[in-house]
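Peer 1: A predicted structure for the sequence below; I have some questions about it.
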Amino acid sequence: MKKLFKYSLIGLVSLIIILLVVIPFLPADTYRSEIEQQVGKALGMDVKLDELAFVTIPQPGLAITNITLAEKGRHIASVDSLRLHPRLSSLFSDTPEIRLMKLSGIRIRPNDIPRFIKPDESDESQSGSEQSALFIQKISADHSYLIVEQGNLEQWGPLSFEVDFHPKKGFKSLNLELEEKVFRVSIKPDGDDLAIKIRASEWSSLLFQDLTIDSLVMDGHIFSDRLHFKSIDIAAYSGKAKGNLILDWSDLWRLDSQVSVTSLNLGNLLKAKNNHSLDGSASGSFTLRSYANAVASLADNLEIRGDLLVQNGHIYETDLEKAARSLSKEWITGGQTPFDKFSTRFNMLPEKITLKKLFIQSSVLAANGDLKIISQKELNGEISVGLNDPTGVLTMPLMISGTVDEPQVRPTDAALAGGAVGTAVLGPGFGTAVGVKAGEVFSKIGSLFGSDEDEQETEEKKKDEQ
């Protein structure tokens, strides 16, 4: 018996040695076409593999390099390398087990990811022999990128992730992170859905690449056709934001979000966008909406509406007090307007920003009106500025033009005409104030019998309010 055991042990060791020597030289390339066909059939895509080889170091397995996936001639994804490491003891069982599937260098567009996330179409009534005959315990990947091609950013990463599976329950968990450790995602089953947690620090998102977030905490659920974050907490630019978000891909990519902001350093935020027009401490409640054919294009179609309040700040390159005291047709540029309060009904569309019910208040002035920023740059609006004047309260209607970087301000034509008449009749100071106010009133009366252009402007305002 001992001899039999001895010879059996020698035979087993010899077999293992032979396998370790022979496996690397087996012609795995012979099976390339069959593997391409079977994988392609399962994915519904055209699959191309470059090289296949059996490996023994550091662990026995199959190595595949340069995998490309396409559909009707359109490139879907690529993988630099893939290694399959089976559990050797399971190879002759009814359910062979892949202990680890390791991928490296995945490149894929976000829009194409749902192609690989398919619902389980298996029937629970099927017998065990009809179920999947292969179990994969873990899938891991590193040095991978999302192809976004947005602005100056062509790809987002490098990313790494691990997916674990349970032999009977299926999906167990997914952990994904940027390899710089600044962004992490964790996904686990939660009943019939998936629970998702996102944590980030010192991070810039895909949608707003030039803005840095100090910290981000998001908790929500993933459904078959949407992602719903019920809780979002953000710290950035000395302020905090709380809200929720729904990302829906049942038809187009759609984004809906409600956000409230407190104590945001607006000056630093705008500087990150290369805008130096305004600073102060900002608060408000906003609704964000967008839709697009591609997730990377959501930022291009983003609409933001809400009430904005900015306190203790400055409007740069504009001196409203100086412009309100002027009776010249010359455009006034430069200077600044300090304020205690700046509030408005904010409405941002892809090609236009509208500031309705704009109100500005400081110790020396109070102003109200409407302003449009067209194509994110050109200014067009009118505000009435009231000043504490020695002769009384002077109210001057001002035209606003130019650009965000170089705004121009001057009194309206009606105000100039009224101011000139008032000065001639009543004298300087008091006559100017009364005349300007009269000019403003007559301008408003004239708008009642306005031109088609005035009517068109009214229609545009109605659309903006809707």
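Peer 2: That came through, no problem.

Peer 1: Tell me the bridge partners for Met101.
Peer 2: Leu84, Ile139 (DSSP bridges).

Peer 1: With Leu69 instead?
Peer 2: Those that pair with Leu69 in a beta bridge, by DSSP bridges, are Val47, Ala77.

Peer 1: looking at this structure, which helix or strand is least sure?
Peer 2: helix 430-448 (a mean of 44; mean pLDDT, DSSP states H and E).

Peer 1: and stretch 176-187, C-alpha only, in PDB?
Peer 2: Extracted C-alpha coordinates of stretch 176-187, given in PDB (Å, rounded to 0.1, in the frame of the first residue of the first chain):
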ATOM      1  CA  LEU A 176     -14.400  51.400  -8.700                       C
ATOM      2  CA  GLU A 177     -11.900  54.200  -8.200                       C
ATOM      3  CA  LEU A 178      -9.600  56.600 -10.000                       C
ATOM      4  CA  GLU A 179      -6.100  55.300  -9.500                       C
ATOM      5  CA  GLU A 180      -5.100  58.700  -7.900                       C
ATOM      6  CA  LYS A 181      -7.500  57.600  -5.100                       C
ATOM      7  CA  VAL A 182      -9.600  60.800  -5.300                       C
ATOM      8  CA  PHE A 183     -12.800  59.200  -6.500                       C
ATOM      9  CA  ARG A 184     -14.500  56.000  -5.300                       C
ATOM     10  CA  VAL A 185     -17.700  54.100  -6.100                       C
ATOM     11  CA  SER A 186     -19.200  51.200  -4.300                       C
ATOM     12  CA  ILE A 187     -22.200  49.200  -5.500                       C
END
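
Peer 1: pLDDT on it, on average?
Peer 2: For stretch 176-187, mean pLDDT rounds to 90.

Peer 1: ok, and for it, which residues are buried?
Peer 2: 176-178, 183, 185, 187 (16 or more other C-beta atoms under 10 Å). (C-beta placed from N, C-alpha, C; glycine too.)

Peer 1: Run through who's touching that stretch.
Peer 2: 142-143, 157-161, 173-175, 194-203, 222 (C-beta atoms under 8 Å, 6 or more residues apart in numbering).

Peer 1: excluding its backbone neighbours, what's nearest Ile383?
Peer 2: Leaving aside its sequence neighbours, Ile383 sits nearest to Gly369 (C-beta to C-beta, 6 or more residues apart in numbering; 3.0 Å).

Peer 1: hey, what's the one you found bridged with?
Peer 2: Going by DSSP bridges, Gly369 is paired in beta bridges with Leu358, Ile383.

Peer 1: again, but for Trp253
Peer 2: Beta-bridge partners, per DSSP bridges, of Trp253: Ala292.

Peer 1: which intervals of this structure have sub-threshold pLDDT?
Peer 2: 1-31, 90-92, 117-133, 149-153, 206-207, 389-393, 418-466 (pLDDT under 70).

Peer 1: For it, which segments count as helices?
Peer 2: Under the criterion DSSP state H, the chain contains helices at 2-22, 32-43, 266-272, 320-324, 413-426, 430-448, 452-465.

Peer 1: Quick check: Arg184 vs Arg115, distance?
Peer 2: 25 Å (C-beta to C-beta, to the nearest Å).

Peer 1: I meant Asp46, not that one.
Peer 2: Distance, Asp46 to Arg115, using C-beta to C-beta: 13 Å.

Peer 1: cool, and Gly73?
Peer 2: Separation of Gly73 from Arg115 (C-beta to C-beta): 15 Å.

Peer 1: do the same with Ser173
Peer 2: For Ser173, the distance to Arg115 - C-beta to C-beta - is 22 Å.

Peer 1: just Ser384 next, same as before
Peer 2: For Ser384 relative to Arg115 (C-beta to C-beta), the value is 57 Å.

Peer 1: I'd say Thr337 and Thr318 touch.
Peer 2: Yes. Judged on C-beta atoms under 8 Å, Thr337 makes contact with Thr318 at a distance of 5.7 Å.

Peer 1: what about Arg94, distance to Leu100?
Peer 2: One correction, residue 94 is Asp, not Arg. 21 Å.

Peer 1: Look at those two and report which has more neighbours.
Peer 2: Leu100 (17 against 8; other C-beta atoms under 10 Å).

Peer 1: Quick check: closest non-adjacent residue to that one.
Peer 2: Nearest non-adjacent residue to Leu100 (C-beta to C-beta, 6+ apart): His85, at 4.5 Å.
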